[in-house]
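[1] Sequence isn't available, so here's the structure alone:
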Ligand SMILES: Nc1ncnc2c1ncn2[C@@H]1O[C@H](COP(=O)(O)OP(=O)(O)OP(=O)(O)O)[C@@H](O)[C@H]1O
Ligand SMILES: [Mg+2]
């Protein structure tokens, strides 16, 4: 006989399990993708920034020609200069094999045998605080045409790009949360309108605003939670695919299984249904309490 | 106790000009455990006056005291808790269409969070009283007008209110049922419940000669 006790107001019919969960599910799907994108950005940026910022690349054209002082090859002169510069560490001439590996995608499998006059490439780490301009002009004087490139500019660009992308993702999350709240508010208001007489009566019998709001909120919470869980689950394959694409950049260990999501994502994804439930609860509470203010 | 002190009521609907006063300068007092008939022609303001008593409208002017509490002064929570001590039989019943007879009657007790065991005992007893023990599982739209009215009465008294407000509770009842209802109401009244009953049934008023409040055009024209 207490069979209506759980649904005193007839909310199951008035707040039906169709539109609200589907829309909240769609929002969660988008939120999961945005979250995945933001995390991927952060991971990629972290691995790039570390590598790139300090990387120093020096190209010495015609490395075997004599240098300007005429006391050896240009390459040897540049190497000597780098060796004594306290800001430069780990200077190493790239081997033919390495060069080959780098340029083969463009010039074919054995570019070094094509008879092209390739520059020598020296890689090093820049430890200095300032810019590399002084070093560049010093090397230019010994070996005209020598180029010095650092990763700092790239690192800055990567950082700017990631921050922008993350801001976009954050904006998406925010908009998606607002839309979800709006969906819950609209569904709740329509439920209130449908149950107007019932609520009038129950209010007249002495139901507290909090009683009525709690019933709507419980229903909205479940619907939002269910919809969001569904939407998030549907997003998982897409996220796994993104993770798989990003795997080569984030470390060799991640190339394994298809559902090999980064731990940060695994930790954050369950928060989406939780956030949806919270949005459902809060919005329904506020909407119902606001509406009940019109009753005496 | 119920006390009205120069109470005026004017219905107001958003976006429409205010209506004429439905109640004008009403003052009276009903002692604890008292009984009053409320009479008057249709449109005189009986339902309006009862609405003020069961806290469904705010007066435009004046002072209302219900069960020792100044109406419209408490918080919303206090007002809701005060409502729980008032049993109301609405002129239009206001049963919840999605609930069966039993659950409709159980509603006030469940809102007050009484135990299911107590709900079951009290609801079954009161349904026997109004002669509907066999219609427990009928929904309102499966009941006759008189049966719905009896369910509404059962709901109003099941939680043993301190104050019972009934608006035309015999409107859809035959004489025998009306007598039965009066028996119930007077029994509650003897147990200490303050009662006010609006009615057009002058026969009933003559057979139960309690003091009478009489309204005409929103004014109190008789008290006693
Ligand atoms: N919600 C409302 N909005 C505007 N005017 C109202 C409203 N309810 C009642 N009135 C008006 O207030 C006056 C008193 O109505 P009320 O319902 O109190 O009369 P009553 O004495 O209960 O009549 P009856 O015996 O027909 O039930 C009437 O003129 C009515 O039109
Ligand atoms: Mg009336």
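    Arrived safely, thanks for sending. Keep in mind it's a predicted model, so treat the numbers as computed, not measured. Ligands and ions are numbered 1, 2, ... in the order given.
[2] and stretch A:19-30, average pLDDT?
    The pLDDT scores in stretch A:19-30 average 92.
[3] Which parts of it count as buried, going by neighbours?
    A:20-21, A:23-30 (16 or more other Cβ atoms under 10 Å in any protein chain shown). (Each C-beta comes from the backbone N, C-alpha and C, glycine too.)
[4] do stretch B:12-22 and ligand 2 meet?
    No - for stretch B:12-22 and ligand 2, the contact criterion (Cβ under 5 Å from the ion) is not met; the two come no nearer than 10.7 Å.
[5] Distance from the chain centre to that stretch, please.
    25 Å (Cα atoms, centre = their mean, to the nearest Å).
[6] Is any residue of that stretch near chain A?
    No - in terms of Cβ under 8 Å from any Cβ of the partner chain, no part of stretch B:12-22 sits within range of chain A; the closest distance is 9.4 Å.
[7] ends of that stretch, how far apart?
    11 Å (Cα to Cα, to the nearest Å).
[8] does it come close to ligand 1?
    Yes - using Cβ under 6 Å from any ligand atom, stretch B:12-22 reaches ligand 1 at B:19, B:22.
[9] Other residues contacting that stretch?
    B:8-11, B:45, B:48, B:60, B:218 (Cβ atoms under 8 Å, 6 or more residues apart in numbering or on different chains).
[10] Now do the buried residues in it.
    B:21-22.
[11] For that stretch, give the mean pLDDT please.
    83.
[12] give me the low-pLDDT residue ranges for chain A?
    Low-confidence segments of chain A (pLDDT under 70): A:1-6, A:17, A:49-53, A:105-116, A:248-260.
[13] Actually, chain B.
    Short version for chain B, where the test is pLDDT under 70: none.
[14] Please list the residues of it that sit near chain A.
    B:54-58, B:76-77, B:79-86, B:88, B:90, B:94, B:96-100, B:102-103, B:107-108, B:110-112, B:116, B:120, B:136, B:155.
[15] ok, back up a step: farthest-separated two in the buried residues of stretch A:19-30?
    Across the buried residues of stretch A:19-30, no pair lies farther apart than A:20 and A:30, at 16.1 Å, counting by Cβ to Cβ.
[16] And the nearest residue to residue B:93 once chain neighbours are set aside, which helix or strand is it part of?
    Of all residues not flanking residue B:93 in the chain, residue B:152 sits nearest, at 4.2 Å (Cβ to Cβ, 6 or more residues apart in numbering or on different chains). Using DSSP states H and E, residue B:152 sits in helix B:145-157.
[17] The residue of chain A at minimum distance from chain B: neighbour count?
    Per Cβ to the nearest Cβ, residue A:206 is where chain A lies closest to chain B, at 3.4 Å. Residues lying near residue A:206 (other Cβ atoms under 10 Å in any protein chain shown) number 24.
[18] if we can go back for a sec, which of the residues of chain B next to chain A count as buried?
    B:54-57, B:76, B:79-80, B:82-86, B:88, B:90, B:94, B:96, B:98-100, B:102-103, B:107-108, B:110-112, B:120, B:155.
[19] Filter those down to just the ones in helices.
    Per DSSP state H, helices hold the following members of those: B:76, B:79-80, B:82-83, B:102-103, B:107-108, B:110-111, B:120, B:155.
[20] got the contact list for the biggest helix by length in chain B?
    Counting residues, the longest helix found in chain B (DSSP H) is helix B:175-190. Applying Cβ under 8 Å, 6+ apart, the external contacts of helix B:175-190 come out as B:33, B:35, B:129-131, B:146, B:150, B:153, B:157, B:160, B:164, B:166, B:169-170, B:173, B:195, B:197, B:201, B:204, B:207-208.
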